[in-house]
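*Asks:* next come a sequence and a model predicted from it.
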Amino acid sequence: MRFFKSFKYAFRGIIYCINNERNMRIHTVAALYVFVFSFFFEMSRTSYAAVLIAIAMVITAELFNTVAEELCDMAAASFHPVVRIIKDMAAGAVLISAVFAAAVGVCVFWQPASFAGILRYFASSPLMLLPLAAVTAVCIVYIVMGPIGIRDYIRKKREK
Ligand SMILES: Nc1ncnc2c1ncn2[C@@H]1O[C@H](COP(=O)(O)OP(=O)(O)OP(=O)(O)O)[C@@H](O)[C@H]1O
């Protein structure tokens, strides 16, 4: 059972990061869109592997960035030059991973014919724009408010 408990702790850490870090929510939404729209592109197994590694790299960097921030805030409540450099380096790790993930995205998804295919798909099935708009709206609310913000908002509405 210890094995399953370690999963529980790991998921608790990921959920904490999603709840508290807007950038983490942006990364998760970006990963969702990349995954869904990848079906419009010609993707080999290797392309999928590159995209999955890039996504994992960014999300992992964000998790470690949050670890560094939490440790720093616990160790030093006020300004400290070491805290500054630790936080800057952690942010640098996220930046590097995001820039290289974008580069992977360009290499894999730069397929003008597939872009035209996406446009043709929505032109021939304009009703599909409705679920796309709905999902996009939900994603924006999720990014801006976060799961806890949404929960608190619904609770307040119910109490009224
Ligand atoms: N206690 C501190 N001492 C020195 N510099 C700090 C301290 N806290 C923050 N900084 C500086 O301010 C920058 C931003 O810090 P902050 O903790 O707000 O990180 P952030 O990346 O904006 O956080 P988040 O990812 O939560 O938005 C850090 O990269 C660091 O240069």
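*Replies:* Received it, and whenever you're ready, just let me know what you need.

*Asks:* residue 45 and residue 51, how far apart?
*Replies:* Using C-beta to C-beta, to the nearest Å, residue 45 is found at 11 Å from residue 51. Yep, even glycine has a C-beta here, placed from its N, CA and C like the rest.

*Asks:* and those two? Which one has more around it.
*Replies:* Taking other C-beta atoms under 10 Å, residue 45 and residue 51 do not tie; residue 51 has more neighbours (22 against 7).

*Asks:* packing partners of the strand or helix carrying that one?
*Replies:* Following DSSP states H and E, one finds residue 51 within helix 45-75. With contacts taken as 3 or more C-beta pairs under 8 Å, 6 or more residues apart in numbering; DSSP states H and E, helix 45-75 sits against helix 2-20, helix 22-37, helix 81-109.

*Asks:* most packed of these?
*Replies:* helix 22-37 (a mean of 17; mean count of other C-beta atoms under 10 Å).

*Asks:* what's the angle from that helix to helix 2-20?
*Replies:* Per axes from the mean of the first three to the mean of the last three C-alpha atoms, to 10 degrees, the angle that helix 22-37 makes with helix 2-20 is 100 degrees.

*Asks:* packing partners of helix 22-37?
*Replies:* Here helix 22-37 touches helix 2-20, helix 45-75, helix 81-109, helix 129-159, going by 3+ C-beta pairs under 8 Å, 6+ apart.

*Asks:* in TSV: these, plus distance to residue 117.
*Replies:* Converted to TSV, the helices and strands packed on helix 22-37 look like this (distance: least, C-beta to C-beta, whole Å):
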stretch	distance to residue 117
helix 2-20	32
helix 45-75	16
helix 81-109	12
helix 129-159	15
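
*Asks:* out of the helices and strands packed on helix 45-75, which comes closest to residue 153?
*Replies:* The closest of the helices and strands packed on helix 45-75 to residue 153 is helix 2-20. By C-beta to C-beta, the value is 14.1 Å.
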